[in-house]
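In: Any chance you could fold what I've pasted below:
(one chain, ligands or ions: 1)
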Amino acid sequence: MVNNAHVFVVDATTFPVHRDRLFCGVKNPYNENTRHGLYADLFAVRPGDLVFFYQSRIDEPRKERGFRGIYRPISPPFFDKSNVRGFGDSRTLTVYGKCPNPKCREPYSLKSGKAGALGSRKCPICKKEHGQHILPNRVLIAPVSYYLYPVDDNTAYINHTNHGMLWTMLFRKTFGAGRARSITHILPEEAQKLARLLRRVNNNNASESYEFKRYKEPDQVIKKRIELDLGPGPETKFESSLEAWIIRNIDKNVPILSEIVGPREELEYFGNNVLYGIGGEKVDILCLHKKAGVRYKATVIELKKGRVPEEALSQIEDYAYWIGQLSTANVATPIEKLDIQPVLIGRGATPNLKKKLVSFKPWSFPIPLATKCNATVKEPILLAYEVSKKAISFDRTNN
Ligand SMILES: [Zn+2]
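Out: Below you'll find the predicted structure:
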């Protein structure tokens, strides 16, 4: 069963509205490539997952910053450019779905000025500096346990009196603004840690009496599905389009892709753009698989819009050791044996890669945790993709 959890970045002007009107909103970049990257992040969110907020701006009071929660998505992602007014404590605030300039009303986020300077962020259509976040890509949520006080950064990242680590979030912080994303998928063990810390900071008291006013019901958003334009094919418009399509359909029984992902009941987690290194190293898609309560496999999918080059093999060498640790170090049930299954997806492969794949030798290495784990990197699976009729099909080109 999938146990995905997501952290949405908010600030002091947007969080109160999301909290009181029960939705998450994310930007809508005018640049299509960037927008498809954001869709990839958003398409991983499914009803039944967990949602946390992270209130992040440096200029906010320290006690207001940090992780908040806990919520559950109750709708698929949808597009809605209506402006949402707060309620109760947030009644003076509005989350916009479109440009506030009455002559414009276009649903695109502000575009950064030179070097991302805050003062010169403009609407990409009318060029007005209106200073509002435009957040028309949305998901409806319901509170699971609403905690009044956030978990601050020090408690989350450097306090050693609670076990576990928030690796995937920490790597985003280390990078600074450039690598920040509005949604980060966190591993099941990281979500457990955040929930533990929220309980601790709030002395185990979830607020029972907090009043919410949902801005829409799930049946009102069904027709507002976000369209992903793949282009005429056979190649996708951008690599981010391929990523977004796969993330949206990863658990939908797509032929061949579903064989890679394996039985749904064993799929414990999937996420895109998963960071594993201080230098910003990432894998495109990570799936974790669990059998009889124990994680046993990590599937790492690397995507190429065009042909997969031979460098893909050195990439596997780069990530294997770190993904091995990321997948095993903080789990509640120790893992003795982990398979790492590399998957390469592109419009076929270069002749050099094909040649090298033939002589690929799986290798193993120990991960000396409290319970020693042995990790094995399996022979890569190569898939060729093709866009036709607004969908993507896959073909297995080796083994
Ligand atoms: Zn405008």
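In: Contact residues of this structure facing the ion?
Out: Counting by C-beta under 5 Å from the ion, the residues of the chain close to the ion are 99, 101, 104, 123, 125-126. Yep, even glycine has a C-beta here, placed from its N, CA and C like the rest.
In: which of those residues sit farthest apart?
Out: Using C-beta to C-beta, the residues of the chain next to the ion span at most 8.8 Å, a distance reached by 101 and 125.
In: which stretches of the stretch 1-150 of the chain have low pLDDT?
Out: Within the stretch 1-150 of the chain, the set of residues satisfying pLDDT under 70 comprises 57-59, 112-120.
In: Kindly recompute the last result at 80.
Out: Low-confidence segments of the stretch 1-150 of the chain, defined by pLDDT under 80, span residues 56-64, 111-121.
In: just to revisit the earlier point, residue 101 and residue 125: which has the busier surroundings?
Out: Legend: neighbour count by other C-beta atoms under 10 Å for residue 101 and residue 125, higher for residue 125 (17 against 14).
In: Skipping its backbone neighbours, what lies nearest the more buried one in space?
Out: Once its chain neighbours are removed from consideration, residue 125 has its nearest residue in residue 106; the separation is 4.2 Å (C-beta to C-beta, 6 or more residues apart in numbering).
In: quick one, what contacts the one you found?
Out: For residue 106, the contacting residues are 98-99, 123-126, taking C-beta atoms under 8 Å, 6 or more residues apart in numbering as the criterion.
In: What remains of these if I keep only buried residues?
Out: For those, burial is judged from neighbour counts taken by 16 or more other C-beta atoms under 10 Å, and it is met by 98-99, 123-125.
In: Let me have those in JSON lines, adding secondary structure as columns.
Out: Output for these, formatted as JSON lines (DSSP: H, G, I helix; E, B strand; the rest coil):
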{"residue": "98", "secondary structure": "coil"}
{"residue": "99", "secondary structure": "coil"}
{"residue": "123", "secondary structure": "coil"}
{"residue": "124", "secondary structure": "coil"}
{"residue": "125", "secondary structure": "coil"}
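In: Residue 339: which of these is nearest?
Out: Looking across these and measuring by C-beta to C-beta, the closest to residue 339 is residue 124, at 45.3 Å.
In: which residue ranges form the strands in the stretch 201-350 of the chain?
Out: Counting by DSSP state E, counting those that start in this stretch, one finds strands in the stretch 201-350 of the chain at the ranges 267-275, 282-291, 294-303, 337-346.
In: Distance to residue 148 and mean neighbour count for those strands - can I get that in TSV?
Out: Putting the strands of the stretch 201-350 of the chain into TSV (distance: least, C-beta to C-beta, whole Å; neighbours: other C-beta atoms under 10 Å) gives the following:
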stretch	distance to residue 148	mean neighbour count
strand 267-275	29	23
strand 282-291	32	21
strand 294-303	34	21
strand 337-346	39	21
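In: Let me have these in TSV, extended by mean pLDDT.
Out: Converted to TSV, the strands of the stretch 201-350 of the chain look like this (pLDDT from 0 to 100):
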stretch	mean pLDDT
strand 267-275	95
strand 282-291	96
strand 294-303	97
strand 337-346	97
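In: a markdown table for those strands, including distance to residue 324?
Out: What follows is the strands of the stretch 201-350 of the chain, written out as a markdown table (distance: least, C-beta to C-beta, whole Å):
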| stretch | distance to residue 324 |
| --- | --- |
| strand 267-275 | 13 |
| strand 282-291 | 12 |
| strand 294-303 | 7 |
| strand 337-346 | 6 |
